[in-house]
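J.: Just a sequence and a predicted model for now, questions to come.
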Amino acid sequence: VPGDDMTIDRRRFIKVTTAAGFALGAGSETATGTGRRRSAAVQTTSSPDVVIVGAGVFGMWTALNLQRLGATVRVVDAYGAGNSRQTSGGETRGVRTSYGDRPHGRLWTRWAGEAIRKWIEWDEMGSERLLPRLFFNTGDLILRAETSQYIQDTRSHWDALGTPYESLTPDEVAYRWPWIRFEDLSVALFEPAAGVVRARRAIESVARVFEEEGGTIQIGRASFGERAGSTLRSVAIDGGESLSGGTTIFACGPWFPTFMPELMGNRIRTSIGHTFYFAVPPGDTRFSFPNMPSFGVPGCTGWPALPPDHRGFRVRTGGRPGSDPDTSDRWIPLEAHARPRQILERHFPDLVGAAINETRACHYESSVDGNFIVDHHPDFDNVWLLGGGSAEAFKFGPVLGEYIARRVLGIEDDPVLADGFRLKDEEFGSRGR
């Protein structure tokens, strides 16, 4: 279970990985590559125990936790950790526990609560290492004109798990945040522990700690290398390098459909979300942290401007179908600017006419059932697939990384979780998907 003792000595690591059928790469030489490589605090010429392809939220948190459990790990990414093309490379991400709209909502609610605590712990650790602050405890406000199954199930999960929340009247909302408008408001739920995390900075921070503690991040484009039956012996890196590891993990995010078209082409669907950061009036602190909560209104989520850089008041609404994440334009066309301005007119009238500081067009990847994928590749005994973030995985990073690392090493074997995270046989386009 995530949160248990995360220390495992090298002798036990070798024992559990050998028992799980992993052939550790200790002693074998790694081919010299032409790709640019970042220096790590500890360098080794032997092959790593684990090679991870993808330096996003799945890849980096898993790499750090595997390393802390005793594995030697090398991460390969075409652009690097926190790059602008990966799903985790955006500016900010919300962290809330309101998952009444998911069939696996009870688990996600519990894990999100654990993740909030771990984000806070990370900041406490990071302050000693001069890392940037990541988590901002804004609280989260859900506003609706009427109740729904989502509202009912969210409250049911909160009640069952003891998650603190408040049910507010329209007058209470108007008293606390008089600059928020919502006509015919009848449902208002406030989750005080929720917040917002600096996304790109988070991945960069995890990568930095991973390297300082001995890990290696290599810049390069990876593909399947040498195979022997059901064993993948190596990963090929553009430029001619062959990288061997006992276990290979692919955490490819929106690249999965193009990287593994036959297996993942119809099991992952990509989209591009549209996010706007509006300038707040000079000297007006109402729309900035800590005076404004993150919020969810029909068709939109958002949150206040965060210090110290104050990118702006964040509004996410709408989007467009995804395309190749290597070549897609990461800007939002003018015809899509009307919807967020309608949100301002409807709910934040004092920001009508505000300038746009910047926009973000970010790829998301969703699985068929909307749950995460943590499973073996069906053709290989020593290959894992991590993904299906479904626009929610980032917030779970600290918890997912612990769970996945323990799962890969064979010291986490909850069959219910394993079944929920398995690669489903169903594909998009079947049964109305």
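T.: Sure thing, it's come through. Numbering: from 1, shown residues only.
J.: mind checking which helix or strand of this structure has the lowest mean pLDDT?
T.: Taking mean pLDDT, DSSP states H and E as the measure, helix 10-19 is the helix or strand of the chain with the lowest mean score, a mean of 49.
J.: Please enumerate the helices of this structure.
T.: Using DSSP state H, the helices of the chain run over 10-19, 57-68, 105-128, 149-161, 170-176, 199-212, 256-259, 261-264, 338-347, 397-408, 415-420.
J.: Kindly state which of these is positioned closest to Asp284.
T.: Taking Cβ to Cβ as the criterion, helix 338-347 is the member of the helices of the chain that comes nearest to Asp284, at 14.0 Å. All C-beta atoms are positioned from the backbone trio N, CA, C, and that covers glycine.
J.: any idea how far Pro290 is from Thr109?
T.: Look at Thr109 and Pro290: by Cβ to Cβ, to the nearest Å, they are 24 Å apart.
J.: Revised request: answer the last question for Pro261.
T.: For Pro261 relative to Pro290 (Cβ to Cβ), the value is 46 Å.
J.: Phe278 now?
T.: For Phe278, the distance to Pro290 equals 18 Å [Cβ to Cβ].
J.: neighbour count winner among these two?
T.: Phe278 (24 against 13; other Cβ atoms under 10 Å).
J.: count of residues packed around Gly215?
T.: 26.
J.: I misspoke; the intended subject was Ala236.
T.: For Ala236, the count of nearby residues is 16 (other Cβ under 10 Å).
J.: which residues does it bridge with?
T.: On the basis of DSSP bridges, Ala236 takes part in beta bridges with Ser223, Ser242.
J.: Can you name the residues that contact it?
T.: If you count contacts by Cβ atoms under 8 Å, 6 or more residues apart in numbering, Ala236 has them with 222-225, 242-243.
J.: could you redo the last one with a cut-off of 10 Å?
T.: Ala236 is in contact with 220-226, 242-243, counting by Cβ atoms under 10 Å, 6 or more residues apart in numbering.
J.: Out of those, which end up buried?
T.: Using 16 or more other Cβ atoms under 10 Å as the burial test, the contacts of Ala236 include 220-222, 224-225, 243 as buried.
J.: and the two most separated of these?
T.: Set against one another by Cβ to Cβ, the buried ones among the contacts of Ala236 have their most distant pair in Gly220 and Phe224, with a gap of 14.1 Å.
J.: So, low pLDDT: which residues of the stretch 301-433 of the chain?
T.: Across the stretch 301-433 of the chain, residues meeting the criterion (pLDDT under 70) sit at 430-433.
J.: Distance-wise, check Ile180 relative to Glu212.
T.: Distance of Ile180 to Glu212, computed by Cβ to Cβ: 43 Å.
J.: ok, these two, which is more surrounded?
T.: Under the neighbour definition other Cβ under 10 Å, Ile180 and Glu212 were set side by side, and Ile180 has more, 22 against 12.
J.: ok, the residue lying closest to the more buried one once chain neighbours are set aside - how many residues close by?
T.: Using Cβ to Cβ, 6 or more residues apart in numbering and skipping residues adjacent in sequence, the residue nearest Ile180 is His347, 6.1 Å away. His347: 20 surrounding residues under other Cβ under 10 Å.
J.: same thing with Arg316?
T.: Here the neighbour count serves as a burial measure; for Arg316 (other Cβ under 10 Å) it reads 22.
J.: Please shift the residue numbers so they start at 48 in all later answers.
T.: I'll keep to 48 as the first residue from here, and by that count the last item is Arg363.
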